[in-house]
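Chemist: Sequence and computational prediction follow.
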Amino acid sequence: MTANGQNLHPSQDPLHDARARLLGQRGGVVWMSGLSGSGKTTIATAAAARLVDEGRLAFVLDGDRLRSGLNRDLGFDAAARDENIRRAAEVAATVRDAGVLVIASFITPYRRQRKTVRDRLGGGPFLQVFVDAPLDVCRDRDPKGLYAKAAAGDIPDFTGLEDPFEPPTTSDLVLDTASHDATACVDLLHALLDERGFLSNEDVG
C-alpha cells in the first residue's frame, strides 16, 4: 500500500511457525482499558512478571512508553488520541506476530477506539479486558498526580472529568479493582488466559 493503503501487499511471515517452536509459545494480545488510576499498568506488569516466571515471553505495552517515543508527535485532541490507539494496536500486532504475549495498557476511552483495536487484533489470539474502578476511587489514588493537575487546569479535557470515558458494553473480562487487589486480578486474568488457550503449547512444535 501507499500512504493511503494502495499497492502494498503484506506477505505471510515464513518464520512464524519456526519462531513458535523456538519460543515454545505463540503470541497473543491482552488489551486493558480503563480510567487513569484504575490499576491497568499495575495489573499488566504483575501479570507479565508471572508469565515470565513461568517461562513465557511477555511484554507490557503502555501509553507512557509510546507517548515518550513513537507517539511523541501526537497531541491529545480527539483525532490524535485515535491515532495514538491505532499505532498502539499496530505495535501490539507486530510484537504478537513475533511470538510474544503482549499485555497492552491504554485508557482507550471511546467505543470507536476499542472497535479499532478489536478490528485490528481480533484475527489472532486477543482479549479485551476492562479494568473497572469508580472515578472517585481513581481520583483518590491519583498515582501520577494527573487528576490534581487536571483540577488545577493544567491538563484540559482530562478523561473522566471534562472528557468522557465510555464504558465497554462487552468485554472478555471485567476486573473490579475497587473490590479486588492486584494479586486477585492477576489470578483472574491468568485463569482466563489458560481457559482461552493462550498458555497452551499443544500446537507448537
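Modeler: Everything's here; your move. In this text the structure is predicted, and so the values were computed from the model without any measurement.
Chemist: C-alpha from now on. contacts and neighbour counts both.
Modeler: Fine.
Chemist: Poorly predicted segments of the chain, please.
Modeler: 1-12, 205 (pLDDT under 70).
Chemist: Kindly provide the distance from Thr116 to Asp132.
Modeler: Thr116 sits at a distance of 20 Å from Asp132 (criterion: C-alpha to C-alpha, to the nearest Å).
Chemist: no, scratch that, I was asking about Asp77
Modeler: 24 Å.
Chemist: quick one on the thing from earlier: give me the more crowded residue out of Thr116 and Asp132.
Modeler: Remark: of Thr116 and Asp132, Asp132 carries more neighbours, 22 against 15, as counted by other C-alpha atoms under 10 Å.
Chemist: Name all residues that make contact with the more buried one.
Modeler: With contact set as C-alpha atoms under 8 Å, 6 or more residues apart in numbering, Asp132 has these partners: Gly34, Leu35, Ser38, Val174, Leu175, Asp176, Thr177, Ala178.
Chemist: 6 Å instead?
Modeler: Contact partners of Asp132, counting by C-alpha atoms under 6 Å, 6 or more residues apart in numbering, are Leu175, Asp176.
Chemist: what do you get for Thr108?
Modeler: Thr108 neighbours (C-alpha under 6 Å, 6+ apart): Ser33.
Chemist: please redo it, this time with the cut-off set to 8 Å
Modeler: Thr108 is in contact with Ser33, Gly34, Ile85, Arg114, counting by C-alpha under 8 Å, 6+ apart.
Chemist: measure stretch 62-79 end to end?
Modeler: Using C-alpha to C-alpha, the end-to-end distance of stretch 62-79 comes to 19 Å.
Chemist: Just want the most central residue of the chain.
Modeler: Most central residue of the chain, judged by C-alpha distance to the mean C-alpha position with C-alpha atoms, centre = their mean, is Ala104 at 2.3 Å.
Chemist: on that earlier part again, so which of the contacts of Thr108 is the closest to Asp53?
Modeler: Ranked by distance to Asp53 (C-alpha to C-alpha), these are led by Ser33 at 24.5 Å.
Chemist: so where do the strands sit in the protein?
Modeler: For the chain, strands defined by DSSP state E occupy the ranges 28-33, 58-62, 101-105, 126-132, 173-176.
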